[in-house]
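Visitor: Task: produce atomic coordinates for the following.
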Amino acid sequence: MHPNSKLLFQKYAKSLFKDNMRVLEIGPEGHPSTYQEIVGNDTITWETLDMISNEELTYRVDSEYAYPIASETFDIIISGQVIEHIRKVWLWVEELSRISKVGGKVITIGPVSWPYHEAPVDCWRIHPEGMKALYEHAGLNVELSISETLEVTSTASRRMVPATSFIPQPIYKSVVKRLLGWPIPYSIDTITIGVKEFESGKN
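Guide: Got it, this is the predicted structure:
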């Protein structure tokens, strides 16, 4: 998980996680995941789902679009760096909406500036207007959708280009690039938060 994803989660999503919620994270990068560690609330039931084989997962699934989970189950569904790997994103968001409780939140964070990275496929870079269309199609009312980098500060070089994150780079590389006037890459991601307002199948 790259730093801008964590920064966006901390700024916009962390405060939504409350005591005793039931949360589903899709495609966690570890157990506990980075998002779960950022939230740091042991009263939350934090479940996980992926298509890979891992004994620590709550749900191991074979389909991107049909999960063995009852409708209206979760208070929050979170995914980071997953949506770009989903072929038919409109079907996927519909499934997230189905298993979300009425009043529940669906949160997605996805890259805008990152280069192609298959896992096993890489299909999409979606800006806020596209995310709003997907969420609204699935019956989710969009509370926030923004493409942003939180890596750039007032002290950062003005010669920067949207690409991959510069934060993990060794400090000497950043210093050399600044001294030579080379552009420094930074990450842009889209975070979208929507709420389900009606029971599945109703409008």
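Visitor: And the top strand by length along the chain, what's buried?
Guide: Longest strand in the chain, counting residues (DSSP state E): strand 100-111. By 16 or more other Cβ atoms under 10 Å, the buried positions in strand 100-111 come out as 100, 101, 104, 105, 106, 107, 108, 109, 110, 111. Just so you know, the C-beta spots here come from the backbone N, C-alpha and C atoms, and that holds for glycine as well.
Visitor: Report the distance from the next helix or strand after that strand to the chain centre.
Guide: As assigned by DSSP states H and E, the chain's next helix or strand after strand 100-111 is helix 128-137. From the chain centre to the centre of helix 128-137 is a distance of 14 Å (Cα atoms, centre = their mean, to the nearest Å).
Visitor: What residues sit buried inside helix 128-137?
Guide: Residues of helix 128-137 classed as buried by neighbour count (16+ other Cβ under 10 Å): 128, 131, 132, 134, 135.
Visitor: can you list the residues that contact it?
Guide: 89-90, 93-94, 106, 108, 126, 141-142, 145-147, 190, 192, 194 (Cβ atoms under 8 Å, 6 or more residues apart in numbering).
Visitor: quick one: it to strand 100-111, angle?
Guide: 160 degrees (axes from the mean of the first three to the mean of the last three Cα atoms, to 10 degrees).
Visitor: Report the mean confidence score over helix 128-137.
Guide: Confidence for helix 128-137, expressed as mean pLDDT, is 98.
Visitor: In strands, which of the contacts of helix 128-137 fall?
Guide: Judged by DSSP E, these include 106, 108, 141, 142, 145, 146, 147, 190, 192, 194 as members of strands.
Visitor: The second one and residue 116, how far apart?
Guide: Which is residue 108. To residue 116, residue 108 is 19 Å away according to Cβ to Cβ, to the nearest Å.
Visitor: Show the contacting residues for residue 104.
Guide: 72, 74, 75, 76, 77, 195, 196.
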